[in-house]
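build me a model:
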Amino acid sequence: MNQAQVVQALYDLSVALLLGMAAVGSGVGDGLVMSKYVEGVARQPEARGSIFATALIGVAFVEAFPVIALAFGIIILFTKGVL
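Below is the predicted model:
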């Protein structure tokens, strides 16, 4: 195994870790947002609509993170780490 293959393997590993951590973080974030939504509706059922809209905005922000991580992963993978 020469040095170029080792470097490429490290880039591949870094992309895999980046995407894996983004997926785990997104799952945890979605769970937290929706659990707080359920708590809010349980405490104040008449405000369900406004709480739901706020929860959807929160989920959208949480889901933006793995999309950005995917873009960085593709850049790292196909440019061999040259940013």
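
contacting residues around the spatially most central residue of the chain?
Central residue check for the chain by CA atoms, centre = their mean: the C-alpha nearest the mean position is that of Pro66, 3.0 Å away. For Pro66, the contact set (CB atoms under 8 Å, 6 or more residues apart in numbering) comprises 19, 22-23, 25-26. C-beta here means a position set from N, CA and C on the backbone, and glycine is covered the same way.

how about Gly73?
By CB under 8 Å, 6+ apart, Gly73 lies in contact with 15, 18-19.

could you redo the last one with a cut-off of 10 Å?
Going by CB atoms under 10 Å, 6 or more residues apart in numbering, Gly73 touches 11, 14-19, 22, 66.

now Gln44
Counting by CB under 10 Å, 6+ apart, Gln44 makes contact with 50-51.

phi, psi of it?
Gln44 adopts backbone torsions of phi -140, psi 80, taken as degrees, to the nearest 10.

when you give positions from now on, start the count at 53
With 53 as the first residue, the last one maps to Gln96.

now list the buried members of the contacts of Pro118.
Among the contacts of Pro118, the ones that count as buried by 16 or more other CB atoms under 10 Å are 71, 74, 78.

nearest to Phe130 among those residues?
Proximity to Phe130 was ranked across the buried ones among the contacts of Pro118 by CB to CB; first place goes to Leu71, at 14.1 Å.

once you drop chain neighbours, what's closest to the closest one?
Once flanking residues are discounted, Leu71 sits nearest to Gly125: 5.3 Å by CB to CB, 6 or more residues apart in numbering.

got the confidence number for the one you found?
With respect to pLDDT, Gly125 scores 90.

and it, what helix or strand is that in?
Using DSSP states H and E, the element containing Gly125 is helix 100-131.
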